[in-house]
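Colleague: Please work out how this folds:
(one chain, ligands or ions: 1)
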Amino acid sequence: MIEAAALSKQFGGLKAVTALSLKVPNGKITGLLGPNGSGKSTTMRMICGLMAPDKGTVTIDGFSVFKQPLKAKQRLGVVPDSRGLYTRLTARENLVYYGQLQGVPAHTLSQRIAKLAEDLDMGDLLARRTEGFSQGQRVKVAIARAMIGDPPNLMLDEPSNGLDVMSTRALRRFLLQKRDAGKAILLSTHVMQEVVALCDHVIIIADGTLRAAGSAEQLMDQARASSLEEAFVSLIGTDEGLMA
Ligand SMILES: Nc1ncnc2c1ncn2[C@@H]1O[C@H](COP(=O)(O)OP(=O)(O)OP(=O)(O)O)[C@@H](O)[C@H]1O
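Modeller: Modelled structure (predicted):
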């Protein structure tokens with residue numbers, strides 16, 4: 001479980017995130033929505049320990065990201081990962097390297113790479129050097145890398161960016177499998193179809209504060225019933241599937 005309590009972050013005079021609390025439970029996909037500049041990436045950076053909050057706490061399965069970073073971070077897979085890919089290495093070599101760093105035994109590692117390659121439809125990429133990989137190809141390797149240590153929590157910032165239809169489908173199947181296996185998944189997206197297809201629970205933020213939370217259906221019904229669809233669309237940052 002990912003838990004953030006009363007997170008705040010300011011850049012100069014700009015309040016990017018203010019007193020934001022959220023819980024991402026095991027066995028569920030939680031969507032983080034909001035318009036451009038609403039504070040989603042800043043929130044995610046604080047959750048994975050890449051950026052220190054001015055105030056507030058983050059725990060991953062009870063371990064503080066800032067006080068017990070090693071224990072917390074090994075329990076969280078992150079996409080995209082700030083570390084990037086080694087372009088002189090093949091996709092497989094990248095996965096082996098990160099798996100070894102996390103202490104995955106060799107036989108488990110090769111089985112895991114084979115399964116991830118199958119699930120993410122990226123078998124043809126394994127033997128290629130990642131130099132020159134397209135955006136979509138890099139996303140696939142990044143997701144496989146985030147899962148190489150089989151962490152119980154996963155956080156993805158707009159993961160379907162750059163993916164074609166088949167790869168998007170493979171990603172959705174993959175995330176649903178991981179959810180059903182009990183992982184806690186936090187996903188930011190601007191794609192409403194993705195929210196409807198994947199998210200058990202949705203958190204909407206605007207101007208760095210929590211504005212609404214509930215199931216995707218509940219929130220869409222509320223928007224339609226309130227005749228405030230335009231306001232709602234600007235709040236969630238997408239209208240795909242909502243205005244139909
Ligand atoms: N390092 C930084 N320095 C200054 N301002 C920043 C920094 N990072 C983010 N901001 C500002 O904080 C606010 C929140 O940005 P953030 O990237 O978290 O939004 P977002 O919801 O992820 O947006 P998008 O949907 O466009 O990706 C924005 O106004 C942004 O310009």
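Colleague: which residues in this protein form strands?
Modeller: Along the chain, the segments classed as strands by DSSP state E run 2-11, 14-24, 28-33, 55-60, 63-64, 76-79, 153-157, 184-188, 201-206, 209-214.
Colleague: can those strands go into a markdown table with extra columns for mean pLDDT, distance to the ligand and mean neighbour count?
Modeller: All C-beta atoms are positioned from the backbone trio N, CA, C, and that covers glycine. Converted to a markdown table, these look like this (pLDDT from 0 to 100; distance: least, Cβ to the nearest ligand atom, whole Å; neighbours: other Cβ atoms under 10 Å):
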| stretch | mean pLDDT | distance to the ligand | mean neighbour count |
| --- | --- | --- | --- |
| strand 2-11 | 98 | 3 | 18 |
| strand 14-24 | 97 | 3 | 18 |
| strand 28-33 | 95 | 9 | 24 |
| strand 55-60 | 98 | 15 | 19 |
| strand 63-64 | 97 | 22 | 16 |
| strand 76-79 | 95 | 14 | 23 |
| strand 153-157 | 96 | 8 | 23 |
| strand 184-188 | 97 | 7 | 25 |
| strand 201-206 | 92 | 7 | 22 |
| strand 209-214 | 90 | 12 | 15 |
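Colleague: Out of those strands, the one nearest S41 is which?
Modeller: S41 lies closest to strand 153-157 among the strands of the chain, at 6.1 Å (Cβ to Cβ).
Colleague: Break this protein down into its domains, please.
Modeller: 1-75+151-243, 84-150 (the TED database).
Colleague: Give me every residue in the protein lying close to the ligand.
Modeller: Within reach of the ligand by Cβ under 6 Å from any ligand atom, the chain has these residues: 11, 14, 16, 34, 36-42.
Colleague: Mind putting these into a markdown table with distance to K73?
Modeller: Listed next are those as a markdown table, based on distance: Cβ to Cβ, whole Å:
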| residue | distance to K73 |
| --- | --- |
| F11 | 24 |
| L14 | 27 |
| A16 | 22 |
| G34 | 25 |
| N36 | 28 |
| G37 | 27 |
| S38 | 25 |
| G39 | 22 |
| K40 | 20 |
| S41 | 18 |
| T42 | 18 |
